[in-house]
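Engineer: Here is a sequence with its predicted model. Questions after.
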Amino acid sequence: MSREQVYGRRAVREALRGRRAVLELWASQRALEAEPWLRDLKPRPQVKPEREIGEAAETRDHQGVLAWCEPYPYADAWELAAAERPLLVCLDQVTDPHNLGAVCRSAEGAGATVGGRRIAALEVAGVLTTAGWFPAAGVGEATGS
């Protein structure tokens, strides 16, 4: 099974509340001391040195927390469109996850569902940009030309 990384305190917390399973969770001692929700998790996160978390995440911006999650479970785009009164945002070739995050935050305020083709992957940068918006949202992916 493939795994995707999510790092940063807010992004990981939202991943734990989201639609995909968290397969493995690492936290530094400093993060455990600063974040009560990390201490309350069952099973507890594996305590790792910040250096090891940074090497695994390939960044220093991990805030002492790193999770490996199942790949994001895209909703079926046709099912989303078949809702009684769908409000959809359709994107084409949006490759920058920061831009995608900005669109998603704006769309969420209007109650929209985001879908598209050839859009930025729901990867670490996108999840961080949206502060965890994706794990709880309905996001569809259309294929074809």
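Structural biologist: Alright, I've got the coordinates.
Engineer: Ranking helices and strands of this protein by mean pLDDT, which lands last?
Structural biologist: One helix or strand of the chain scores below all others by mean pLDDT, DSSP states H and E: helix 124-129, with a mean of 46.
Engineer: Look through the protein and report the residue furthest from the middle.
Structural biologist: Glu84 (27.2 Å; C-alpha atoms, centre = their mean).
Engineer: Assign a three-state SS to that one, would you?
Structural biologist: Under DSSP: H, G, I helix; E, B strand; the rest coil, Glu84 falls in the coil class.
Engineer: Quickly note the distance from it to Trp78.
Structural biologist: Using C-beta to C-beta, to the nearest Å, Glu84 is found at 15 Å from Trp78. C-beta: built from backbone N, CA, C; applies to glycine.
Engineer: what packs against the longest helix along the chain?
Structural biologist: Counting residues, the longest helix in the chain under DSSP state H turns out to be helix 97-109. Here helix 97-109 touches strand 88-92, strand 113-117, helix 124-129, helix 133-136, going by 3 or more C-beta pairs under 8 Å, 6 or more residues apart in numbering; DSSP states H and E.
Engineer: swap the cut-off to 7 Å and go again
Structural biologist: strand 88-92, helix 124-129, helix 133-136 (3 or more C-beta pairs under 7 Å, 6 or more residues apart in numbering; DSSP states H and E).
Engineer: looking only at pLDDT, what's the mean for stretch 13-22?
Structural biologist: What stretch 13-22 shows for mean pLDDT is 83.
Engineer: so where's this structure uncertain?
Structural biologist: For the chain, the stretches flagged by pLDDT under 70 are 1, 97, 108-145.
Engineer: Break it down into its domains, please.
Structural biologist: Domain ranges of the chain: 4-69, 77-141, per automatic domain parsing.
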